[in-house]
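Chemist: what's the 3D shape of this:
(chains A, B, C and D)
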There are 2 protein chains.
Amino acid sequence: MATIEDVAKLAGLSRTTVSRVINDQPYVTEEKKQRIIQAMNDLGYVPNSSARRLRSQRTETIAVLLPRITNPFFGNLIESMEEKASEWGYQVIVCQTHDSEKKEMDYLQLLKTKQVDGVIMASIINNWDDVEPYLESGPIVVCNEYMEGTPVPTVHMDHKKASYEATLHLMEQGCNHIAYVSGGPNSHLTSQRRKGFEEALKDKGTTKIEDLNIDWALDVKDGQKVFHFIKENHPYIDGVFTGSDEVAAGIIYEASQNDWEIPHDLAVVGFDNQMISLLMVPSVTTVEQPVKQMANKAVEILLQQLLHPGTHYPREYVFDHELLIRNSTKRRKLSVH
Amino acid sequence: MATIEDVAKLAGLSRTTVSRVINDQPYVTEEKKQRIIQAMNDLGYVPNSSARRLRSQRTETIAVLLPRITNPFFGNLIESMEEKASEWGYQVIVCQTHDSEKKEMDYLQLLKTKQVDGVIMASIINNWDDVEPYLESGPIVVCNEYMEGTPVPTVHMDHKKASYEATLHLMEQGCNHIAYVSGGPNSHLTSQRRKGFEEALKDKGTTKIEDLNIDWALDVKDGQKVFHFIKENHPYIDGVFTGSDEVAAGIIYEASQNDWEIPHDLAVVGFDNQMISLLMVPSVTTVEQPVKQMANKAVEILLQQLLHPGTHYPREYVFDHELLIRNSTKRRKLSVH
DNA sequence: TTGTAGGCGTTATCAA
DNA sequence: TTGATAACGCCTACAA
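Modeler: Numbering: from 1, shown residues only, chains lettered A, B, ... in the order given. This next block holds a predicted model:
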């Protein structure tokens, strides 16, 4: 493998001059520059990235922590982040924590070992106290998930507001017994959703409104189980708020298999506006998050911190959701405005 | 940031000895070892990864090239690969080429610049001649996609056989006018699928069988367009072979919106057995690939090459598909065997 | 405008 | 069993 030294020798110049050419620095005669470029081509020279990193103490790489990439929400998030980062010449390392506290900590080590310059946490399950020390090694931005009292910039949607609105919608459609279905590890985000749900019940609800709480539903299969659980144990339930389009899809799928009519027998709300929510029969009412915008903002803030250290940024960037009303909840005829 | 030197000083020993402890080498008294570990903890020392890489010429990282991670097939593939790689202490870098020849080449540079030790290509759109030179910098394994005449190990399914079988199935269900719908860049894989399709027509077909070819369908939206194209221009078509569950879903979705009955008016076959193919109404007949097994095998071969250079491996590992027959093609009553 | 020389943090070689 | 020393390949004061 050719090194900068080889190039220098072949071009009859010094390493310094070659380095200047590599890094596009001034003070090199055009003629010598050409000679060097020629030599680089002849040797198939490429700068060694480890050496550069060691010398410059920068990797031009950021890590994004998320639970799993097969979840389309995170898939889309990372795609946008990568696009944005590469505009600035930064690479992205995808770190799937699989909801493991240990893996999360392991990946944060990338910061300490200088394998990445900064980290975006799209999920966070350890206590902030355990994460905070890593800030010494580089900037961290939280995106999607959020925690109170953290000193780092946080980019997220108002999940409480979103679930409030979705729940209200269910009630407006005449649902009187709404189940709350969630899953995955507890986090601030999920608890905010829960709060929005409860507030909506309280604000609009009569004492008659009942509430079934399921906290183990994550995917389509779980959704199917949820349906049977409702059917067998809580058949009076007439509306479901879920934190995931996949769970919603599972419920709806199984409901049709069992001749329940959606939304008449059961109205269902999903979350994330994944493709599946549009394709289901009936299509699924869901909450759309501005994924791309959040991704861009998170990357932007992180890179700004890397490029202009010391600058201060607002701690919170809150984005708006959009409730997409589809057939899985349309129990009432639309009234004319 | 503490360095090995700091640890050595604090422990009153030399860098060498500290390095031995870090790398679990013999010839260190238990007592000194403890002293060093103590010192490392006190200082919060972590070895600098760039320095290690520079010195050892190994990164313990591999790159996986694929078109886009939002495609569930590749999402699952990468997930399994990462799992397998991490068992061996290797990291995975996800490289989305977005079907760009340039990006593919850019990512291959990771090999040259020593940012990764090896590469798995889950897609390949440049000519092999352009890729081959990179072999000098490290091993490459091709997975999913495949090319004839390459000297590297290749892990894949027999797409020709799969599409042959799927097409045969359509004909057995009484389809006489089958459209072939594909999309994305041409590759050996897609041409194999095409061949299987054609062979099935030839083997079983009468001269009456017609064939509509569409090569621009990639996602759900395209599938919707395909439906309208068929409806308006080729209404006699009664069967569709698609290379993607998403396209199939789009066709089916739009068909129901237009009161076509699936599979009676149009039988549809998808590919990949994605969740959506099961949830659609009707459920979609599809081809399942043994993603996990292929992923594991590809990683295994690559790591073996890294750990035991020079060993030779079979050039090809071919896995079997499974045709999952669902409602989108069941035009005939099942006969009793 | 060009070159010299030192060091980034590790690990490998060799000597003690 | 331990330590001194020389790389790994690059960048950057500083000197010329």
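Chemist: Mind jotting down where the strands sit in the stretch 201-337 of chain A?
Modeler: For the stretch 201-337 of chain A, the strands defined by DSSP state E, counting those that start in this stretch cover A:210-214, A:239-242, A:267-269, A:286-288, A:316-319, A:322-324.
Chemist: Give me the sheet partners of the fifth one and which way each runs.
Modeler: Paired neighbours of strand A:316-319 in the sheet (DSSP bridges): strand A:154-157 (parallel).
Chemist: How about the residues of the stretch 151-300 of chain A by DNA strand D?
Modeler: Counting by CB under 7 Å from any atom of the strand, the stretch 151-300 of chain A comes close to DNA strand D at no residue. Quick note: C-beta positions are derived from backbone N, CA and C, even for glycine.
Chemist: what's the answer for the stretch 1-150 of chain A, then?
Modeler: For the stretch 1-150 of chain A, the contact set with DNA strand D under CB under 7 Å from any atom of the strand comprises A:1, A:3-5, A:15-16, A:19-20, A:22-23, A:46-48, A:51-52, A:54-56.
Chemist: Among those residues, which ones lie close to DNA strand C?
Modeler: Answer for those near DNA strand C (CB under 7 Å from any atom of the strand): A:15, A:16, A:20, A:51, A:54, A:55.
Chemist: returning to that earlier point: which among the residues of the stretch 1-150 of chain A next to DNA strand D count as buried?
Modeler: A:4, A:20, A:22, A:46, A:47, A:48, A:51, A:52, A:54 (16 or more other CB atoms under 10 Å in any protein chain shown).
Chemist: so can I have CSV of these showing secondary structure and pLDDT?
Modeler: Listed next are those as CSV, based on DSSP: H, G, I helix; E, B strand; the rest coil; pLDDT from 0 to 100:
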residue, secondary structure, pLDDT
A:4, helix, 94
A:20, helix, 94
A:22, helix, 93
A:46, coil, 92
A:47, coil, 94
A:48, coil, 94
A:51, helix, 96
A:52, helix, 95
A:54, helix, 95
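Chemist: can you tell me the residue of the stretch 201-337 of chain A closest to chain B?
Modeler: The nearest approach of the stretch 201-337 of chain A to chain B comes at residue A:281, 4.4 Å away (CB to the nearest CB).
Chemist: Could you tell me how many residues sit around the residue in the stretch 101-250 of chain A that DNA strand D sits nearest to?
Modeler: Of all residues in the stretch 101-250 of chain A, residue A:114 sits closest to DNA strand D, with a separation of 13.1 Å (CB to the nearest atom of the strand). Using other CB atoms under 10 Å in any protein chain shown, the number of residues around residue A:114 comes to 22.
Chemist: Go ahead and list the helix or strand containing it.
Modeler: Of the helices and strands defined by DSSP states H and E, none includes residue A:114.
Chemist: circling back: return the most buried member of the strands of the stretch 201-337 of chain A.
Modeler: Most buried of the strands of the stretch 201-337 of chain A, by mean neighbour count (mean count of other CB atoms under 10 Å in any protein chain shown): strand A:267-269, with a mean of 31.
Chemist: same for that one, what does it pack against?
Modeler: helix A:159-172, strand A:239-242, helix A:245-257 (3 or more CB pairs under 8 Å, 6 or more residues apart in numbering or on different chains; DSSP states H and E).
Chemist: Format the ones you listed as a markdown table; extra columns: mean pLDDT.
Modeler: Output for the helices and strands packed on strand A:267-269, formatted as a markdown table (pLDDT from 0 to 100):
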| stretch | mean pLDDT |
| --- | --- |
| helix A:159-172 | 95 |
| strand A:239-242 | 96 |
| helix A:245-257 | 95 |
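Chemist: which among the ones next to DNA strand C among the residues of the stretch 1-150 of chain A next to DNA strand D are in contact with chain B?
Modeler: Among those, the residues lying close to chain B (CB under 8 Å from any CB of the partner chain) are A:51, A:54.
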